[in-house]
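Asker: dropping a prediction and its sequence here:
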Amino acid sequence: MGWVMRIKAIRWLGTAFWMSITVALILPVGAQSLTDFEKRVHEFTLDNGLKFLVLERHEAPVVSFHTYADVGSVDEVKGITGMAHVFEHMAFKGSKTVGTLDYEGEVQGLERVDEAFLALKKERSQGNGADPQRLVELQQRLEEAQEKASQFMVPDEFEEAFIRAGSVGLNASTSSDATRYVVNLPSNKVELWMALESDRFLNPVLREFYKEKDVVKEERRMRTENRPRGRLMEEFLAVAFKAHPYGEPTIGHMSDVETMTRSEARAFFQKYYVPSNFTVAIVGDVHLEEIRSLAETYFGRLSGAPKPDLVETVEPPQSGQRRVVVEDPSQPWVVMGYHTPDINHADNAALEAMSDILGTGRTSRLYKSLVKEKKIAVNASAFQGFPGSKYPGLFVFFATPARGHTTQECEEAVSAEIERLKTERVSPQDLEKFKTRSRASVVRALASNRGLARQLTFYEVVTGDWRNLFKQLDEFDRVTDQDIQRVAREYFTSKNSVVGVIETRQSDR
């Protein structure tokens with residue numbers, strides 16, 4: 001059987017295996033209290049500062065692994081925007097022992113690639129003064145150097161090792177606040193994960209760096225440049241944040257992605273990919289002491305270093321509403337944002353309550369008012385904590401006008417619902433629904449090893465204690481109608497707002 005057929009067969013068997021145990025994972029949840037879960041989570045920290053959170057669940061022979069790197073696009077500076085996302089791609093390229101036929105030979109090849117790229121970059125920096133023929137020659141030299149370096153590679157060896165082990169959901173994601181690496185494996189593959197996951201952060205090799213940048217550039221074209229809403233959101237955030245790096249796009253600016261170098265990526269790794277900046281959650285059919293022993297053996301190899309400092313830049317208060325318009329012959333759309341505190345602020349619980357009451361689902365006030373009753377929109381929603389919640393961000397509202405209606409109508413209707421929060425007390429029924437849905441959401445997270453691992457790492461890093469996953473429900477229970485009214489009046493003001501719209505130009509209609 002060829003490699004392609006073998007991979008497909010392994011993936012099919014892996015999917016069937018995981019589907020067969022899903023019910024086994026979910027069934028016990030209803031009988032287990034949140035307090036019981038809290039007691040079963042164990043934590044330990046290696047000498048190098050890397051923290052592990054472990055929850056034993058022996059209902060099925062599977063394990064979810066979640067590595068949370070406390071670094072996102074918010075940690076970048078001008079000139080290397082998009083680096084956190086690019087490095088996420090690099091983390092799958094292997095190490096000194098995984099993904100190479102001859103590491104020493106590959107190192108020399110990669111150095112020649114770097115030299116070729118730097119020469120091309122220097123020529124490009126001359127702008128209109130660059131020699132066109134010279135650019136062609138340097139581009140060809142870069143491609144030839146890349147081709148020679150690739151002869152030492154074993155493509156996708158890191159991923160293939162997990163696939164052969166029966167993995168499901170091997171993936172990673174980058175946000176404003178963090179970079180996450182996840183995978184689900186059979187429980188007899190714990191040591192394999194320990195070996196591979198630690199190795200890619202102990203001995204990373206940034207192979208195919210410049211080729212992978214082309215992949216990222218194409219992602220940017222698809223997500224941002226070729227999508228009106230993507231362009232609007234990039235403009236919206238740039239207007240909303242004049243100082244704080246939340247205003248920079250996670251995918252990065254195209255010119256930064258084009259010009260960043262492998263040496264800059266190594267420097268980024270050395271600063272942020274240190275053990276003290278990692279938190280790992282392992283949930284499933286494991287034994288704590290075995291995990292501790294294996295963690296010390298494999299992850300203990302990583303050299304310790306101080307945890308990087310937090311972003312110190314503070315977004316100054318606005319003195320008036322900010323607006324941005326993207327003109328495009330596409331579906332009109334409106335987004336409204338209000339500056340709000342981070343997740344650890346005392347007002348966050350009330351803001352989460354407003355997010356649920358105003359904009360979550362088809363029973364929310366916005367959906368009922370704009371979509372069902374007034375029929376001026378085809379959808380409407382809202383949520384707190386955009387683009388991140390580690391630092392003060394935005395409470396955002398979205399609405400898509402129905403045919404024959406405008407973004408202005410939707411904006412006015414959203415504003416009317418906001419004013420209701422300021423002048424009318426939220427009903428006890430709406431508050432109770434919010435609290436019930438919040439508890440149900442936490443319980444749903446408990447039903448999934450992967451979901452629970454994700455939540456544990458998030459609350460540990462962003463709030464300082466994984467127990468806040470459970471304690472937040474107590475904060476939600478204490479939210480009153482007076483709290484909501486006070487918070488709405490404080491934050492939902494015109495001078496604290498940012499509005500972005502997609503409008504169809506008259507000539508395009």
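Answerer: Done, it's in.

Asker: how much space between residue 474 and residue 34?
Answerer: Distance, residue 474 to residue 34, by Cβ to Cβ, to the nearest Å: 10 Å. The way it works is simple: take the backbone N, C-alpha and C, and place the C-beta from them, glycine included.

Asker: between those two, which is the more surrounded one?
Answerer: More crowded of residue 474 and residue 34, by other Cβ atoms under 10 Å: residue 34, with 15 against 10.

Asker: identify the residue spatially nearest to residue 502, adjacent ones excluded.
Answerer: Spatially, and ignoring its direct neighbours in sequence, residue 502 is nearest to residue 333 (4.4 Å; Cβ to Cβ, 6 or more residues apart in numbering).

Asker: quick check on that neighbour: phi, psi?
Answerer: Phi and psi for residue 333, reported as degrees, to the nearest 10, are phi -160, psi 150.

Asker: same question, residue 116
Answerer: The phi/psi pair for residue 116 (degrees, to the nearest 10) is phi -70, psi -40.

Asker: quick one: neighbours of it, just the number.
Answerer: Neighbours of residue 116 using other Cβ under 10 Å come to 20.

Asker: quick one, grab the pLDDT at the one residue sitting closest to the centre of the chain.
Answerer: In the chain, the residue lying closest to the centroid (Cα atoms, centre = their mean) is residue 175, at 3.1 Å. For residue 175, the model assigns a pLDDT of 97.

Asker: thinking it is in contact with residue 250, fair?
Answerer: Yes. Between residue 175 and residue 250 there is a contact at 6.3 Å, judged by Cβ atoms under 8 Å.

Asker: who touches both of those two?
Answerer: 72-73, 387 (Cβ atoms under 8 Å, 6 or more residues apart in numbering).

Asker: what residues does stretch 293-310 touch?
Answerer: By Cβ under 8 Å, 6+ apart, stretch 293-310 touches 44, 46-50, 52, 70-71, 75, 190-191, 194-195, 197-199, 201-202, 271-272, 274-277, 280.

Asker: please determine how far the residue nearest to residue 502 is located from residue 445.
Answerer: Distance from residue 333 to residue 445, by Cβ to Cβ: 31 Å.

Asker: now do residue 145
Answerer: Counting by Cβ to Cβ, the separation of residue 145 from residue 445 is 47 Å.

Asker: hmm, back to that, now do the contacts for the residue nearest to the centre of the chain.
Answerer: Residue 175 neighbours (Cβ under 8 Å, 6+ apart): 72-73, 250, 387-388.

Asker: please apply the same query to residue 152.
Answerer: Per Cβ under 8 Å, 6+ apart, neighbours of residue 152: 100-103, 105-106, 109.

Asker: just the buried members of the residues you listed?
Answerer: Those of the contacts of residue 152 that meet the buried threshold are 100, 106, 109, by 16 or more other Cβ atoms under 10 Å.

Asker: residue contacts, the last one?
Answerer: By Cβ under 8 Å, 6+ apart, the contact set of residue 109 is 145, 148-149, 151-152.

Asker: once you drop chain neighbours, what's closest to it?
Answerer: For residue 109, ignoring the flanking residues on the chain, the nearest one in space by Cβ to Cβ, 6+ apart is residue 149 at 3.4 Å.

Asker: just the second one next, same as before
Answerer: Setting aside the residues directly before and after it, residue 106 is nearest to residue 152 in space (Cβ to Cβ, 6+ apart), at 3.7 Å.

Asker: look up how far residue 284 lies from that neighbour.
Answerer: Distance, residue 152 to residue 284, using Cβ to Cβ: 36 Å.

Asker: check residue 498 too.
Answerer: For residue 498, the distance to residue 284 (Cβ to Cβ) stands at 42 Å.

Asker: who's in contact with residue 118?
Answerer: Neighbours of residue 118 in contact, by Cβ under 8 Å, 6+ apart: residue 261.

Asker: would you map the helices across the stretch 301-450 of the chain?
Answerer: With helices called from DSSP state H, counting those that start in this stretch, the stretch 301-450 of the chain shows them at 348-359, 365-366, 407-423, 428-446, 449-463.

Asker: for residue 123, which of these is the nearest?
Answerer: The closest of the helices of the stretch 301-450 of the chain to residue 123 is helix 449-463. By Cβ to Cβ, the value is 42.6 Å.

Asker: now do the closest one, average pLDDT.
Answerer: 96.

Asker: which parts of the next helix or strand after that helix are buried?
Answerer: Remark: after helix 449-463, the chain's next helix or strand is helix 468-477, criterion DSSP states H and E. Neighbour-count burial for helix 468-477, with 16+ other Cβ under 10 Å as criterion, is recorded at 468-470, 472-473, 475-476.

Asker: any chance you could list what contacts helix 468-477?
Answerer: Outside helix 468-477, the residues within contact range by Cβ under 8 Å, 6+ apart are 34-35, 37-38, 348-349, 352-353, 434-435, 438-439, 442, 445, 455-456, 458-459, 465.

Asker: what number of residues lie near residue 404?
Answerer: When neighbours are counted by other Cβ under 10 Å, residue 404 registers 8.

Asker: try residue 89
Answerer: Residue 89: 18 surrounding residues under other Cβ under 10 Å.

Asker: ok, it to residue 221 distance?
Answerer: 16 Å.

Asker: also residue 246?
Answerer: As judged by Cβ to Cβ, residue 246 and residue 221 stand 23 Å apart.

Asker: the more surrounded of the two?
Answerer: residue 246 (25 against 14).

Asker: helix, strand or coil: sort out the more buried one for me.
Answerer: Recorded secondary structure, residue 246: helix (DSSP: H, G, I helix; E, B strand; the rest coil).

Asker: let me see the contact set for it.
Answerer: Counting by Cβ under 8 Å, 6+ apart, the residues that residue 246 touches are 74, 176, 237, 240, 315, 387-388, 391, 393.

Asker: residue 183: which element?
Answerer: In the assignment (DSSP H and E), residue 183 maps to strand 179-186.

Asker: need the residues that contact that strand.
Answerer: Against strand 179-186 from outside (Cβ under 8 Å, 6+ apart): 17-18, 61-69, 71-72, 84, 87-88, 91, 162, 165-174, 192-193, 197, 449-450, 453-454, 457.

Asker: next step: the residues you listed restricted to helices.
Answerer: Assigned to helices by DSSP state H, the following of those qualify: 17-18, 84, 87-88, 162, 192-193, 197, 449-450, 453-454, 457.

Asker: highest neighbour count among the residues you listed?
Answerer: residue 453 leads these on contacts (other Cβ under 10 Å) with 28 neighbours.

Asker: ok, and the closest non-adjacent residue to residue 155?
Answerer: residue 99 (7.7 Å).

Asker: please report the distance of the one you found from residue 146.
Answerer: Separation of residue 99 from residue 146 (Cβ to Cβ) stands at 15 Å.

Asker: which of those two has more residues huddled nearby?
Answerer: Just comparing residue 99 and residue 146: by other Cβ under 10 Å the higher neighbour count belongs to residue 99, 25 against 20.

Asker: and residue 207, what does it touch?
Answerer: Residue 207 is in contact with 93-94, 99-100, 106, 110, 149, 153, counting by Cβ under 8 Å, 6+ apart.

Asker: repeat that for 6 Å
Answerer: By Cβ atoms under 6 Å, 6 or more residues apart in numbering, the contact list for residue 207 reads 93, 153.

Asker: cool, and residue 64?
Answerer: The contact partners of residue 64, by Cβ under 6 Å, 6+ apart, come to 184, 283-284, 449-450, 453.

Asker: ok, and the closest non-adjacent residue to it?
Answerer: residue 449 (3.7 Å).
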